[in-house]
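Participant: What follows is a predicted structure for the sequence shown.
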Amino acid sequence: MPERSTRNPRSPATDFSVALLNEFVRLGVRDLVLCPGARSQALALAAAELERAGSIRLHVRTDERSAGFLSVGLALETGLPALVVVTSGTAVANLHPAVLEAHHAGVPMILLTADRPAELRGIRSNQTTVQAGLFGVATRLCLDVPAPVGEPDEATIAVALARQAMDAATGVVNAAPGPAQLNLAFREPLSAAVPVGLPMIPAGAAAEPAAGPDALPDGPAMLLAPGPRTVVVAGDGA
């Protein structure tokens, strides 16, 4: 008979990803743009479960540049940041044009960039680069998060990181909304089944809707009488 596997089916990467994305849902995030990749698979599978629960809208794109600009458009439409998930390496660099756009326009944006753990950095491996700080002054927050190893407090750490990123992206702790980056290192095993102890949040269970950019005032539109000498200048979002 073949020997029965004794491998632990749990993955710290998955436990951490579920806790992180669940907290973003609690904070009001409703859109996640995913560019599939190996290193980010725990985030991708957790996102799929959240979509199945009806908690988020999942947008899958194979091109990171397009994904970045989609997230900017979603934020302009909803007033809330969309999460952008990419794998490690040059995938992160392809977000740079959209990050600059969000930075200069004051659009909330949260980047979840998967990365290799410390021991696999700087070893001349293919598709590796320095991801933390890649966007320079264009981010309101940039945190290089060590790989989870299964410690009991890691879910609490994930919750705190989500709140930090949300506050930074929506302008709560800055002069204006803009991009925030969580650079998340993950070790093998890179994913596992969603653990029973960390259920996905169902639709409508968010506890703290996020405060997005100033919304347009409620009420009927102002009607202007037509006339030969009327000029109206209206900016973005007017």
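Facilitator: Arrived safely, thanks for sending. Numbers count the residues shown, from 1 in each chain.

Participant: What are the buried residues along stretch 113-126?
Facilitator: Within stretch 113-126, the residues scored as buried using 16 or more other Cβ atoms under 10 Å are 113-116, 120-121. Placement of C-beta: from N, CA and C, glycine included.

Participant: want to throw these into TSV with distance to A158?
Facilitator: Below are the buried residues of stretch 113-126 laid out as TSV (distance: Cβ to Cβ, whole Å):
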residue	distance to A158
T113	15
A114	14
D115	16
R116	19
L120	21
R121	21
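
Participant: Which of those fall within strands?
Facilitator: The strands in this structure, assigned by DSSP state E, contain 113-115 from these.

Participant: looking at this, C142 is in a strand?
Facilitator: Yes: secondary structure assignment places C142 in a strand (DSSP: H, G, I helix; E, B strand; the rest coil).

Participant: That one: neighbour count?
Facilitator: Per other Cβ atoms under 10 Å, the neighbour tally for C142 reads 22.

Participant: show me the contacts for it.
Facilitator: Applying Cβ atoms under 8 Å, 6 or more residues apart in numbering to C142 gives the contacts 132-133, 135, 180-181, 183.

Participant: Which of the ones in strands among the buried residues of stretch 113-126 sits closest to A176?
Facilitator: The closest of those to A176 turns out to be T113 (Cβ to Cβ; 22.0 Å).

Participant: Kindly confirm whether my reading is correct that that closest one touches P179.
Facilitator: No: using Cβ atoms under 8 Å, T113 makes no contact with P179, being 11.2 Å away.

Participant: what's across from the residue nearest to the spatial centre of the chain in the sheet?
Facilitator: When the chain is reduced to its mean C-alpha position, the nearest residue by Cα atoms, centre = their mean turns out to be L83, at 2.7 Å. Note on L83: beta-bridge partners L32, I110, judged by DSSP bridges.

Participant: before we move on, the earlier item: reformat the buried residues of stretch 113-126 as CSV; add distance to S66 and pLDDT.
Facilitator: Compiled in CSV, the buried residues of stretch 113-126 are given as follows (distance: Cβ to Cβ, whole Å; pLDDT from 0 to 100):
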residue, distance to S66, pLDDT
T113, 16, 97
A114, 18, 96
D115, 22, 95
R116, 24, 93
L120, 28, 88
R121, 27, 87
